[in-house]
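In: based on what follows, work out the 3D shape:
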Amino acid sequence: MLPEFEQALNEQQLQVVTDTEGPLLVLAGAGSGKTRSIIYRCAWLLKEKQVPPWNILVVTFTNKAARELQQRLEALLGFPVRSLWVGTFHHVCSRILRNESAHLPFASNFSIYDEDAQKSVLKKIYKEHDFDKQKYPVQRVLGRIGRYKNRLLLPEDLAANANEQTQSKGVHDDFESKFLRIYTL
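Out: Residues are numbered from 1 along each chain as shown. Predicted structure coming up:
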């Protein structure tokens with residue numbers, strides 16, 4: 001395979017493709033062949049180094065770039081490479097979460113909502129359960145849910161903590177209980 005690589009790549013690109021001992025950072029300007037180098041590097045790893053496709057991770061910034069990389073690599077190799085990890089940061093992370101869902105407190109068929117969808121769901125919950133948008137501002141509730149999720153705290157974790165605080169202090173905070181109900185829903 002090396003002769004066809006030598007014909008398709010310049011010296012710097014060939015170095016990127018064949019230097020497989022340890023990590024590699026490529027800094028190059030537009031049109032310099034970075035994508036070509038990545039594609040040929042993946043092909044080199046698969047064909048010459050016998051690396052299983054599921055051990056290769058290629059992260060891009062757009063879905064379009066990820067599709068292009070996958071298509072160009074498959075065209076170069078002449079066979080589909082379905083188990084190769086190519087995608088955006090978000091796609092790769094959601095794939096990892098789905099694959100590792102047995103270790104998480106939710107099923108692998110979860111959905112990821114953008115900010116507009118999150119607001120839409122909250123507004124529907126507010127309407128169905130008669131929550132006051134003035135007392136429980138959507139943006140404030142969304143921000144708080146996000147902070148709890150970032151700390152891996154689910155509603156049931158907060159409920160246990162709220163019950164402990166209520167018992168120890170004898171305090172019942174209306175906002176806290178309503179927030180917990182909204183978060184649970």
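In: CA only for contacts and neighbour counts going forward, please
Out: Noted.
In: quick one, strands of this protein?
Out: 57-60, 85-88 (DSSP state E).
In: of the ones you listed, which approaches residue 126 most closely?
Out: strand 85-88 (33.5 Å; C-alpha to C-alpha).
In: what does the closest one rub up against?
Out: 53-63, 66-67, 69-70, 92 (C-alpha atoms under 8 Å, 6 or more residues apart in numbering).
In: what would the strands of the chain look like in a markdown table with mean pLDDT, mean neighbour count and distance to residue 10?
Out: As requested, the strands of the chain are exported to a markdown table (pLDDT from 0 to 100; neighbours: other C-alpha atoms under 10 Å; distance: least, C-alpha to C-alpha, whole Å):
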| stretch | mean pLDDT | mean neighbour count | distance to residue 10 |
| --- | --- | --- | --- |
| strand 57-60 | 90 | 16 | 22 |
| strand 85-88 | 92 | 21 | 24 |
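In: re the thing from before, filter the contacts of strand 85-88 down to the buried ones.
Out: 53, 58, 59, 60, 63, 66, 69, 70, 92 (16 or more other C-alpha atoms under 10 Å).
In: max pairwise distance over these: which two?
Out: 53 and 63 (19.3 Å).
In: surely residue 73 meets residue 43?
Out: Yes. Using C-alpha atoms under 8 Å, residue 73 and residue 43 qualify as a contacting pair, with a distance of 6.9 Å.
In: identify the contacts common to the two.
Out: With C-alpha under 8 Å, 6+ apart, residue 73 and residue 43 have no common neighbours.
In: returning to what we had before: just the closest of the buried ones among the contacts of strand 85-88 to residue 145, please.
Out: Nearest to residue 145 among these, with distances taken as C-alpha to C-alpha, is residue 92, at 23.2 Å.
In: against residue 105, how distant is that closest one?
Out: Plainly put, residue 92 is 19 Å away from residue 105 if you go by C-alpha to C-alpha, to the nearest Å.
In: kindly report the same for residue 58.
Out: For residue 58, the distance to residue 105 - C-alpha to C-alpha - is 28 Å.
In: break the chain into its domains for me.
Out: According to automatic domain parsing, the chain comprises the domains 2-103, 115-184.
In: for this protein, which residues score under the pLDDT cut-off?
Out: 1-2, 162-173 (pLDDT under 70).
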